[in-house]
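1. with the sequence up front, the predicted model follows.
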Amino acid sequence: MAFIGVIGPNSADGMLAGVYKQAERRAGRVYEILKVMSRSPRALKVSMEMYTTVMFGKSDLSRGQREMLAVVVSVANRCHY
């Protein structure tokens with residue numbers, strides 16, 4: 001397995017610290033998938049903006065339907081996330 005050095009919440013500053021704080025407010029913690037992107041804070045920020053727009057933004061799909069689709073895709077991809 002490859003090793004990726006990450007920047008943890010206690011070591012983050014600037015934009016990365018802000019993204020981590022938003023994640024903690026939303027989910028109560030910073031998940032590993034976010035930490036893996038910590039070496040590219042701008043990419044992480046844009047990725048999280050896309051995620052929050054897709055999952056929480058205006059849509060014809062309910063929040064439950066969006067979560068269901070995310071679960072189905074994760075299962076199909078054998079992803080534990």
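-> That came through fine.
2. from here on, just use CA atoms for contacts and neighbour counts.
-> Will do.
3. residues of the lowest-mean-pLDDT helix or strand in the chain that come out buried?
-> Lowest by mean pLDDT, DSSP states H and E among the helices and strands of the chain is helix 32-36, with a mean of 92. Of the residues in helix 32-36, 34, 35, 36 count as buried by neighbour count, 16 or more other CA atoms under 10 Å.
4. possible to save those as TSV with distance to residue 44?
-> What follows is the buried residues of helix 32-36, written out as TSV (distance: CA to CA, whole Å):
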residue	distance to residue 44
34	7
35	9
36	9
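5. surely residue 41 touches residue 16?
-> Yes. With contact defined as CA atoms under 8 Å, residue 41 reaches residue 16; the gap is 5.2 Å.
6. could you pull up the contacting residues of the residue of the chain positioned farthest from its centre?
-> Outermost residue of the chain with respect to the C-alpha centroid, by CA atoms, centre = their mean, is residue 60; its distance is 22.4 Å. Listed by CA atoms under 8 Å, 6 or more residues apart in numbering, residue 60 has no contact partners.
7. shaky segments in the chain?
-> Across the chain, the ranges flagged by pLDDT under 70 are 1-2, 81.
8. let's see 90
-> Along the chain, the model assigns pLDDT under 90 to residues 1-4, 33, 79-81.
9. list the buried residues of stretch 59-73.
-> Counting neighbours by 16+ other CA under 10 Å, one finds that the buried residues in stretch 59-73 are residue 66.
10. now it, how far from the centre of its chain.
-> Mean C-alpha position of stretch 59-73 versus that of the full chain (CA atoms, centre = their mean, to the nearest Å) differs by 16 Å.
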